[in-house]
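need a structure here:
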Amino acid sequence: MKSISDIYKWLNNNSHLGYSSIRIFLGLALFIRGLILIIEPEKITQLANATEYYWWFSYITIMHLVGGLFLAIGFYTRLASFFQIPILIGAVFYVHIGEGLLTSGQSLEFAILVMMLLFVYLLFGPGKIALDK
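Now for the predicted structure:
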């Protein structure tokens, strides 16, 4: 039992690793989403069912690339989160709200999860493993 106790103690003493790991994954996922939008720009117009908001789509792509990278490395984490949040608000209330919950593909619950994680990093900062520290 001592080894399980030691593992539990180590996990409790290093809980910051989980917080930082989620931030790194979130940043990389947003960065990859930005790359996908550069490679296949028609993806975003399909999701939004509109082509007249090209300036907004450019903002989304740039923010996912730059903001995602900044989140991943923990550089200006709160600012990167702040600029990502309007994108996710749009994804939740404009793109996915009509689809409802538990749909395939880009879903409402996933967009809400990403938005809530961005709010967490906006409010609480990057954690111990970050360039901000």
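
helix, strand or coil for P126?
What DSSP: H, G, I helix; E, B strand; the rest coil gives for P126 is coil.

ok, it - contacts?
When contacts are counted by Cβ atoms under 8 Å, 6 or more residues apart in numbering, P126 touches 20, 23, 74, 77-78, 132-133. Every C-beta, even on glycine, is put in place using the N, C-alpha and C of the backbone.

Now the two most distant members of those residues.
Spanning the widest gap among the contacts of P126 are S20 and R78, at 14.7 Å by Cβ to Cβ.

Which parts of this protein are strands?
Under the criterion DSSP state E, the chain carries no strands.

Can you find the helix or strand of it with the lowest average pLDDT?
helix 42-48 (a mean of 69; mean pLDDT, DSSP states H and E).

Can you read off the pLDDT for the residue lying closest to Y121 once chain neighbours are set aside?
Excluding its sequence neighbours, the residue lying closest to Y121 (Cβ to Cβ, 6 or more residues apart in numbering) is S81, at 4.5 Å. Among the per-residue scores, S81 holds a pLDDT of 97.

again with K133
K133 is assigned 70 on the pLDDT scale.

now swap in I7 and tell me
87.

Over to V92?
Here, the pLDDT recorded for V92 equals 83.

What's the separation between the nearest residue to it once chain neighbours are set aside and I7?
Excluding its sequence neighbours, the residue lying closest to V92 (Cβ to Cβ, 6+ apart) is A111, at 4.8 Å. Separation of A111 from I7 (Cβ to Cβ, to the nearest Å): 35 Å.
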